[in-house]
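Participant: would you be able to build a 3D model of this:
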Amino acid sequence: MAKGRYLRGASRRSLLQSFGAAAVGITFSSGLSACGGSGGGRTVNVHNWDTYIADDTADNFRQATGITVNYTNFASNDELFAQFRAGNPGYDVIVPSNEYVTRMAQAQMLQELDKSLIPNASNILPEFQDAPFDPGRVYSMPYTWLCIGIGYRKSKMPANFVPNSWRYLLDSSQFSQRIAVLGESADLIRLAAMYKQYAPGHIAELTNIPEAVLSQVEQMLIRQKPHIKQFHTDNGQDLLVSGEVDIVMEYNGDIAQVMRDNDDIAWTLPIEGSMENQDCLCIPANAPHLAEAHAFINYILEPQPGADIAEYIQYATPNGAAKALMPEDYKNNTVVYPTPDELARLKYGAFEGDEVSRRYEEIFTRISAA
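Facilitator: The predicted model follows:
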């Protein structure tokens, strides 16, 4: 889920803002004011993870279609879902992760896609044409796929040490106050449950977690909290690069981005396994600019725009035509594209109903308040 290529001295978002919206054809806003459009022309209101698009995508889209992109950010799926509880605030395209596609669809927060307006869906790789969380791709088009692992500073580890277990973040004082973990309730709790249930040769299921395990997870994370510097939202790689922490729970693409600029940073997938996610392009119910929303999604699925985005954000693309345009060092990067052995250790987290989601949120609230 969270995302963005690191640029020396500034995040990509701040860099774009320093250039000015006109320079890149995109309007940034931390609130909903951007959804009002700009200058009376055709607009599309895109709500995405921070720094999760190429710097020239919006301007190229405007030049190709005449449609201006108004771009706002959210920091977590929990935040995104909460923003839609009272109805669509005015967005046309949003980018929830896999289980939240299910959750938002069941809550009638999403609109069915008109596939006739998205012919570039044919560029999607066969293995992503369908999805267990959205059978038939009724509500979603895949944007990226990713997994969660551990980023760390090699210089801050013991000699020849690789922190290849969730224990070092969730159940150990070894890196006390030099740890950052995800602040998204479902992901954090499921990964902690995977660690608690782990046995050699076995990866715990991410659904139907027993109540006894959830209780153990809560107690463990409350004990661990004094050793955790931050429950981060979409900026773990920045905390690592700035030296605020030495080890972080983070998405593989985020760590791949900063590894390109910093030889001291490395990545590992824990022995207990981890979560695989897809971030998806969706149109929320009551989108004010429906034709423009479909046009934006279709454009993103074109080969060159898709390749530009993948190159810029360093996340794995489900767009086969876009991947074919990518350099070999991207296609062969095992941080971006895990090895077959690592893929075998990944599982999707499925939406199990509002009651289970609320249970995770309540547990995380108690952990945060401890």
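Participant: so where do the strands sit in this structure?
Facilitator: In the chain, the strands defined using DSSP state E lie at 26-29, 43-49, 68-74, 93-94, 141-153, 179-182, 228-232, 247-251, 265-268, 274-281, 346-348.
Participant: please parse the chain into its domains.
Facilitator: Per automatic domain parsing, the structural domains of the chain span 12-145+277-331, 147-276+338-369.
Participant: can you redo the strands of the chain as a markdown table with mean pLDDT, distance to Phe161 and mean neighbour count?
Facilitator: Heads up, the C-betas are built off the backbone N, CA and C, glycines and all. Formatted as a markdown table, the strands of the chain follow (pLDDT from 0 to 100; distance: least, Cβ to Cβ, whole Å; neighbours: other Cβ atoms under 10 Å):
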| stretch | mean pLDDT | distance to Phe161 | mean neighbour count |
| --- | --- | --- | --- |
| strand 26-29 | 43 | 41 | 19 |
| strand 43-49 | 97 | 32 | 26 |
| strand 68-74 | 95 | 36 | 24 |
| strand 93-94 | 98 | 41 | 26 |
| strand 141-153 | 97 | 9 | 25 |
| strand 179-182 | 96 | 15 | 25 |
| strand 228-232 | 96 | 20 | 20 |
| strand 247-251 | 96 | 11 | 26 |
| strand 265-268 | 97 | 11 | 19 |
| strand 274-281 | 94 | 20 | 24 |
| strand 346-348 | 88 | 24 | 18 |
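Participant: what's the closest of the ones you listed to Ile363?
Facilitator: Ile363 lies closest, by Cβ to Cβ, to one member of the strands of the chain: strand 228-232, at 12.8 Å.
Participant: partner strands of that closest one, with direction?
Facilitator: strand 179-182 (parallel) (DSSP bridges).
Participant: now the partner strand, how far from the centre of its chain.
Facilitator: A distance of 15 Å separates the C-alpha centroid of strand 179-182 from that of its chain, computed with Cα atoms, centre = their mean, to the nearest Å.
Participant: what sits up against that strand?
Facilitator: Around strand 179-182, the neighbours that count as contacts under Cβ atoms under 8 Å, 6 or more residues apart in numbering are 148, 168-170, 188, 191, 227-233, 236, 239-240, 244-250.
Participant: show the average pLDDT along stretch 107-123.
Facilitator: Here stretch 107-123 scores 98 as its mean pLDDT.
Participant: distance between it and the chain's centre?
Facilitator: Its chain's C-alpha centre and that of stretch 107-123 lie 20 Å apart, by Cα atoms, centre = their mean.
Participant: now do the same end-to-end measure for it.
Facilitator: Stretch 107-123 has an end-to-end distance of 29 Å (Cα to Cα, to the nearest Å).
Participant: what residues sit buried inside that stretch?
Facilitator: Residues of stretch 107-123 classed as buried: Met109, Leu110, Gln111, Leu113, Ile118, Asn120, Ala121, Asn123 (neighbour count, 16 or more other Cβ atoms under 10 Å).
Participant: among the domains of the chain, which gets the worst mean confidence?
Facilitator: The stretch with the lowest mean pLDDT among these is domain 12-145+277-331, which comes in at a mean of 87.
Participant: run the chain-centre distance for that domain.
Facilitator: Using Cα atoms, centre = their mean, the distance from the centre of domain 12-145+277-331 to the centre of the chain it belongs to is 12 Å.
Participant: stretch 349-360 now?
Facilitator: Using Cα atoms, centre = their mean, the mean C-alpha position of stretch 349-360 is found 18 Å from that of the whole chain.
Participant: do you know how far the residue nearest to Ala291 when sequence neighbours are not counted is from Ala293?
Facilitator: Distances taken as Cβ to Cβ, 6 or more residues apart in numbering put Leu117 closest to Ala291, at 7.5 Å, once the chain neighbours are dropped. Applying Cβ to Cβ, to the nearest Å, the value for Leu117 to Ala293 is 9 Å.
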